[in-house]
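J.: no sequence on this one, just coordinates:
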């Protein structure tokens with residue numbers, strides 16, 4: 001958790017440092033125009049990526065397939081566009097990395113593999129609880145497991 005806090009505090013400082021160094025090298029106006037152009041490009045990508053992802057997801061649903069790959073690709077494009085939208089050159093480089101098809105495919109595969117591993121771990125944990133007699137809340141109670149105390153009764157709702 002401290003790593004994220006450190007990155008959260010360090011990232012803007014690094015962005016500002018790089019922005020100042022670039023402005024000293026090429027001048028203020030070209031730097032400003034680059035930042036504005038990258039932000040406009042990011043906005044355009046976010047607007048078009050959402051529509052394109054919705055169309056491809058709808059097409060794969062019409063074929064009877066789950067659109068998981070298309071949704072992850074669209075998410076990565078949206079993240080890349082959002083990073084381009086932020087002012088600064090480090091976020092622009094990270095956004096371009098998310099937008100390139102080769103790197104996007106690699107990142108999507110990593111995210112999907114990690115999600116599958118997480119699902120397997122959770123399933124193993126649920127099976128371990130189930131084997132000990134403590135079924136998860138959404139499962140039916142096991143025959144030998146202790147049943148919760150239930151008090152039945154009636155009530156009458158009276159309005160004033």
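T.: That came through fine. Nothing here was measured: the structure is a model prediction, and the numbers come from that model.
J.: list the buried residues in stretch 41-60.
T.: Of the residues in stretch 41-60, 41-42, 45-46, 49, 53, 56-57, 60 count as buried by neighbour count, 16 or more other CB atoms under 10 Å. Every C-beta, even on glycine, is put in place using the N, C-alpha and C of the backbone.
J.: what's that stretch in contact with?
T.: With contacts defined as CB atoms under 8 Å, 6 or more residues apart in numbering, stretch 41-60 is touched by 66-67, 70-71, 73-75, 77-78, 80-86, 95, 99.
J.: show me what the lowest-mean-pLDDT helix or strand in the chain is packed against.
T.: Every helix and strand in the chain was compared by mean pLDDT, DSSP states H and E; the lowest is helix 101-131, with a mean of 80. Applying 3 or more CB pairs under 8 Å, 6 or more residues apart in numbering; DSSP states H and E, one finds that helix 101-131 contacts helix 68-85, helix 89-99.
J.: of all those, which one is nearest residue 15?
T.: Evaluated over those, closeness to residue 15 peaks at helix 89-99, with 5.4 Å, by CB to CB.
J.: what's the angle from the closest one to helix 68-85?
T.: Put simply, helix 89-99 runs at 160 degrees to helix 68-85, going by axes from the mean of the first three to the mean of the last three CA atoms, to 10 degrees.
J.: for the least confident helix or strand of the chain, list every residue counted as buried.
T.: Under 16+ other CB under 10 Å, the buried positions of helix 101-131 are 104, 107-108.
J.: how about stretch 25-37?
T.: For stretch 25-37, using 16+ other CB under 10 Å, the buried residues are 31, 34-35.
J.: show me the longest helix that occurs in this structure.
T.: helix 28-62 (DSSP state H).
J.: follow-up on the earlier one: mind checking which of the helices and strands packed on helix 101-131 is nearest residue 157?
T.: So among those, helix 68-85 is nearest, using CB to CB, at 44.8 Å.
J.: quick one: mean pLDDT over the closest one.
T.: Taken as a whole, helix 68-85 has a mean pLDDT of 86.
J.: report all helices and strands that that helix contacts.
T.: On a contact count with 3+ CB pairs under 8 Å, 6+ apart, helix 68-85 meets helix 28-62, helix 89-99, helix 101-131.
J.: the first one vs helix 89-99, what angle?
T.: Computed by the same axes, to 10 degrees, the angle separating helix 28-62 from helix 89-99 equals 30 degrees.
J.: good, we can wrap up now.
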